[in-house]
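A.B. asks: from the sequence below, what's the structure:
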Amino acid sequence: MPYYHMMDWYPYMGFWMSLFWLVILVLIAYLIYRLIKKDRDIEPSVTSSKSAMDILAERYAKGELTKEQYMQMKDDLNKV
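C.D. replies: Predicted structure coming up:
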């Protein structure tokens, strides 16, 4: 008489293997997403590395500062 005891759970093995590979694929996709998001978070801070003098000059050019304020802040920055 052949041994069929192992065949009782065989139909469920396909489900569990499919679920296993689905979890693996979702995990890989999540890791790739995190790497891409991490690169995007780093990028703006690298590109916005302006000096304090550049920022001060931009604020003066936009009219946010008066000439007296600009000159005072410029002197303060040059002292440092």
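
A.B. asks: residue contacts, Tyr70?
C.D. replies: By Cβ atoms under 8 Å, 6 or more residues apart in numbering, the contact list for Tyr70 reads Leu56, Arg59, Tyr60. From N, CA and C alone the C-beta is placed, and that goes for glycine too.

A.B. asks: point me to the helix or strand that includes the second one.
C.D. replies: Under the criterion DSSP states H and E, the helix or strand holding Arg59 is helix 52-62.

A.B. asks: picking that back up, mark which of the contacts of Tyr70 are buried, thanks.
C.D. replies: Neighbour-count burial (16 or more other Cβ atoms under 10 Å) applied to the contacts of Tyr70 gives Leu56, Tyr60.

A.B. asks: where does Leu65 sit: helix, strand or coil?
C.D. replies: coil (DSSP: H, G, I helix; E, B strand; the rest coil).

A.B. asks: what about the residue lying closest to it once chain neighbours are set aside, distance to Val23?
C.D. replies: Closest residue to Leu65 apart from its sequence neighbours, by Cβ to Cβ, 6 or more residues apart in numbering: Arg59 at 5.2 Å. Separation of Arg59 from Val23 (Cβ to Cβ, to the nearest Å): 52 Å.
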